[in-house]
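**Q** Build me a model:
(chains A and B)
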There are 2 protein chains.
Amino acid sequence: MLRTHTCGELRASDASQEVTLCGWVDSYRDHGGGLFVDLRDRYGITQVAFSPPDTPEDLIEQSKTLRAEYVIQVTGTVASRPDGQHNPRLATGDIELRATGLQLLNKAKTPPVSPSEKVTELPGEDLRLKHRYLDLRRPVMQRTMLLRDLITKRMRDYFEENHFVDIETPILGRSTPEGARDYLVPSRVHNGSFYALPQSPQLYKQILMIAGYDRYVQIARCFRDEDLRADRQPEFTQVDLEMSFVDGDDVIGMIDGLMQKLAKDVLDLDIQLPLPRMTYDEAMKRFGHDAPDLRFGMEIADCTDLAAESDFGVFKSVVEGGGFVRAINAKKGTDTYSRRGIDGLTEFVKGYGAKGLAWFRCEDDGKLGSTIAKFFSEELLAKFAERLDAEPGDLILFSAADWLSTCKVLHALRTKVGAEMKLYDPNAMHFSWVVEFPMFEYDDEEQRWNAMHHPFTAPLDEHVELLDSDPEKCRAKAYDLVINGYEAGGGTIRIHDAATQSKVFGLLGIDEATAKDRFGFLLEALAFGAPPHGGLALGLDRVVMLFAKLDNIRDVIAFPKTQKATDLMTEAPGSVDNKQLKELGVKLDL
Amino acid sequence: MLRTHTCGELRASDASQEVTLCGWVDSYRDHGGGLFVDLRDRYGITQVAFSPPDTPEDLIEQSKTLRAEYVIQVTGTVASRPDGQHNPRLATGDIELRATGLQLLNKAKTPPVSPSEKVTELPGEDLRLKHRYLDLRRPVMQRTMLLRDLITKRMRDYFEENHFVDIETPILGRSTPEGARDYLVPSRVHNGSFYALPQSPQLYKQILMIAGYDRYVQIARCFRDEDLRADRQPEFTQVDLEMSFVDGDDVIGMIDGLMQKLAKDVLDLDIQLPLPRMTYDEAMKRFGHDAPDLRFGMEIADCTDLAAESDFGVFKSVVEGGGFVRAINAKKGTDTYSRRGIDGLTEFVKGYGAKGLAWFRCEDDGKLGSTIAKFFSEELLAKFAERLDAEPGDLILFSAADWLSTCKVLHALRTKVGAEMKLYDPNAMHFSWVVEFPMFEYDDEEQRWNAMHHPFTAPLDEHVELLDSDPEKCRAKAYDLVINGYEAGGGTIRIHDAATQSKVFGLLGIDEATAKDRFGFLLEALAFGAPPHGGLALGLDRVVMLFAKLDNIRDVIAFPKTQKATDLMTEAPGSVDNKQLKELGVKLDL
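**A** Residues are numbered from 1 along each chain as shown, chains lettered A, B, ... in the order given. Here you go, the predicted model:
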């Protein structure tokens, strides 16, 4: 090794040792008689003093040619810093290295993106991407990458303790329909044929259960040829697992334990198990969303019955049309939202399809007031106040529309108001489960039922009969893990018998021939001794983001628009020359 | 959980406990009064007795409907087996489960590939692939998959102890030239552009070192669009690592430690460090190959000087043409190889380009004899005998040709003879390094130098000047790990300064514009403070094969011709419909 220690390692107890460090010149300052250099590597920063009497005069002169990001090897003696010069913000802040030798390992051009933590202003994303190796040198970037590594390692430990087998499933496979579009990979060996990149290892892991592997886990790369969003890249990573001879409680319990371990090992946070669970129906009723942020309350109250008694045209017509009038109470919300603030919220809900925003303010006398109050009797206003537990200073916000629209609007409002009123500690972590999702959702356009998760999801045992009578009411053995209002992962118990599978295919309008064509391999496997099984997939990128306490991982890790968090190169995809295409027997049809 | 224990868990000390097991019916036999079932899961096999008095009569009747591979849940009482019925070959062989309850979880059609260990005759590969989930149920398959999992886990532990960071590099990237052909992935979002799948994360990991990550590791999926061989699939997995501020000894030392740990943890084998090292030149001289099998001797002796003195035309003309006459001595080889056996070896070497096989037998009197002996004086024969340390019964085999051809022929002969004469314990494991590979190899066809590893490989410090004067003699900071005659992995120290890199590009005939076009991103990165760095890649599939003591992993894991060891689906690649192709703006040009 070219070094004896790292730049994060030396302490006062190492004083008077002769050591050698390697690293990058993070910063330097001439102090008249010599030079101080902050030497940086992945492990930390150590101050190096090129000063008399320890450093020979010629070495001091040589040190003055150092510039930012030069790579050097320094030998010297560890010394306690003089009184008053200790730096408590640095792990190595009690010592400095008094240089006696210097080797320039490599020069650096002036960096257009400074990796020094001291530089707080970042250049634009384009420049950061062009010089990704410089951006990735920044300590905050390195911490996030190391956090991802740590989370992955502790996850692997946990799965090993619990007898999971890590199995690599193929990247080059056959195209399977899973909603999004597959990336296709032409094969030169099999000219004219294509592989597909997996959207998830779903079929593979079910096959592995049928093959008797009992507990499977993989940190799996998945691919979707889709338009990009901030949190949806063409390739992403999921923690993919599957278990045999289990029901949903077992899978949930397994992930409960994982979250407890991660919270403890990564954040030193104790969380109580079991994590709270809420049905999908309850989540929609109380929070308007299937991944509610439970770090704060502000639950939805249904006021449809009261609204029906009012003379307010908007409410009346919605109720008469079979719709709903629901509301949230922003406690003491009038402190935050002036009339102008409420106008802002009105504009905001229009972005979610609302025509306007009905609201009440609770006056000092406890009565509700508003521009629309005149359409409500005093008695009715009192009933609203009671329903919403209104106290002076509270702000009540309504949505009147069909059920799903009120959910959408009130969830958006609740999320925005909760953040703006700082109703929760941004460092709090809240883990919970939403369970018993609907089996199906109706596609109005196509006039048919779609599977809410995927067509292999098992219905609740007590709902099997609803498959025939009332599929809309049929709930699934499906569960989503929610952290701070984000769906961190989800899974289901799978159908393992052919009869139920056929019935579900029938409901989805998939006839036997189509099923055989699309899922034949799995269907046949089910007939050769499939155990009851189920599993889950966690979004690793999202879990890292949440544990890093980043509202948006983009804030820290510059995502190339076409690439993922861990990408290093700047441009993708590239062009290929005609020779390569010709070999593929493929030509562009532009 | 549907079970209280696994099928590999119960022991005599559990006797009289009530337990529930789940698993597959591995086999069953009617013993008149009832049924014995061997119940199998990933963890083992437990004998279940459906017999009076423990099992009710109706349950015994029900049990008789069970067939191979049915999935069942059995409740019962653990009981010690009667004296004389213990099965020492089973971990659970001291007990049986006396069934009191039975739940049929799933039926199975008659399996065309039997997963039972009792069935020793395997059907053809096609059938095994078609029913891969059945083939993967076979215990030997499961053991190999579990071995792979174990090796991977212990590797990850080791790299964590040594402060490596696990970083995922992209699968979708730009095409980079690395010898083999890239798989190309058309992008729909960026119509007309293509991603490429990585042949290795080489450039990414060098960028990570320049980005300051210091120690990187990844179990990385790599892709090559090449014709298939038994040990070369279109996708494969390598243990990919890179370290900063190191020289070759540091990387070798790190992998020495890894091999020691794996040998201990996986095989309970103590190996001494440092592992032996040999230069490339020495390996070629002594064994004719850069990955010699050191489990046995039979080293090559150069007899060119002696051959020149003979009257044997073949030897003389080779020597006069500047060629070499080299030989191996198969000690006591005449016990194994009769004259007909030697004829077989002659046919064998013809497959390696030899025209024939000159040989000597050492007679009982210590003299060499052969059909060609007449062309050699007694004195000269004695010199040959001395050079080759010939003793009665030995068989000496020659190759006379140019240097590389003699290497090729004698390596092939040595490998074949060593195996046929059982010169080593097939359970022995031998780890070693071959180091200091040539920087360049000459391409006769293209009349230019090629990089033996890749163009970023650094020359030995003391050979830098040879770059100008004698590139053929220039040796690289390159090292290959050899296990039992297989190259298990290899790596190099990389060039980290622009001047040496330019010189190497120049020697390879890569002009500045081409270099910029092909490697511009890396070259620019080198100018912004690149640390000295180097690394290595291990072939995970091959390491597993070697630790599994399989001569060829194909013997155990059926490779689909187009897929890799861990594949689960049978057919690839698939066809895609025209709609998908049309969306890609691509059409097949057939």
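
**Q** Quick check: which ranges of the stretch 351-500 of chain A have low pLDDT?
**A** Across the stretch 351-500 of chain A, nothing is flagged by pLDDT under 70.

**Q** can you tell me the residue of the stretch 201-350 of chain A closest to chain B?
**A** Ranking the residues of the stretch 201-350 of chain A by distance to chain B (Cβ to the nearest Cβ) places A:Ala211 first, at 3.8 Å. The C-beta positions use only the backbone N, C-alpha and C, and glycine is treated the same way.

**Q** That residue against B:Arg132, yeah?
**A** Yes - in this structure A:Ala211 lies within contact range of B:Arg132 using Cβ atoms under 8 Å: 7.3 Å.

**Q** any chance you could map the strands in the stretch 201-350 of chain A?
**A** A:215-223, A:235-244, A:277-279, A:301-302, A:324-330 (DSSP state E, counting those that start in this stretch).

**Q** Comparing A:Ala211 and B:Arg132, which residue is more hemmed in?
**A** A:Ala211 (28 against 24; other Cβ atoms under 10 Å in any protein chain shown).

**Q** now that one, nearest residue through space, not along the chain?
**A** Nearest non-adjacent residue to A:Ala211, counting by Cβ to Cβ, 6 or more residues apart in numbering or on different chains: B:Leu136, 3.8 Å away.

**Q** Now for that neighbour, how many residues are close by?
**A** 25.

**Q** In chain A, where is pLDDT below threshold?
**A** For chain A, applying pLDDT under 70 flags the ranges A:176-180, A:189-192, A:227-232, A:550-590.

**Q** what's the domain layout of it?
**A** As recorded under automatic domain parsing, the domains making up chain A are A:12-106, A:140-271+A:537-581, A:296-420, A:444-476+A:504-530.

**Q** what's the first-to-last distance across the last one?
**A** Put plainly, it is domain A:444-476+A:504-530. 35 Å (Cα to Cα, to the nearest Å).

**Q** quick check, it touching chain B?
**A** Yes - counting by Cβ under 8 Å from any Cβ of the partner chain, contacts between domain A:444-476+A:504-530 and chain B involve A:521, A:525, A:527-530.

**Q** helix/strand/coil for A:Glu462?
**A** Three-state assignment for A:Glu462 (DSSP: H, G, I helix; E, B strand; the rest coil): helix.

**Q** Show the contacting residues for A:Ile396.
**A** A:327-330, A:359-362, A:368, A:384, A:388, A:390 (Cβ atoms under 8 Å, 6 or more residues apart in numbering or on different chains).

**Q** With A:Leu97 instead?
**A** Counted by Cβ under 8 Å, 6+ apart, A:Leu97 has contacts A:10, A:19, A:21, A:39, A:46-49, A:74, A:76-79.

**Q** wait, is it part of a helix?
**A** No - counting by three-state DSSP, one finds A:Leu97 to be strand, located in no helix.

**Q** Contacts for stretch A:107-125, please.
**A** By Cβ under 8 Å, 6+ apart, stretch A:107-125 touches A:24, A:26-27, A:40, A:67-71, A:127-128, A:130-131, A:134-135, A:137-140, A:558, B:212, B:527-529.

**Q** Name the nearest residue to the residue nearest the centre of chain A, sequence neighbours excluded.
**A** When Cα atoms, centre = their mean is applied to chain A, the residue found nearest the centroid is A:Arg542 (1.8 Å). Nearest residue to A:Arg542 in three dimensions, chain neighbours excluded: A:Ala488, at 5.6 Å (Cβ to Cβ, 6+ apart).

**Q** List of residues touching the host helix or strand of that neighbour?
**A** Assigned by DSSP states H and E, A:Ala488 belongs to strand A:486-493. Applying Cβ under 8 Å, 6+ apart, the contact partners of strand A:486-493 are A:238-239, A:246-248, A:251, A:255, A:290-291, A:453-454, A:456-458, A:476-482, A:532-539, A:542-543, A:546.
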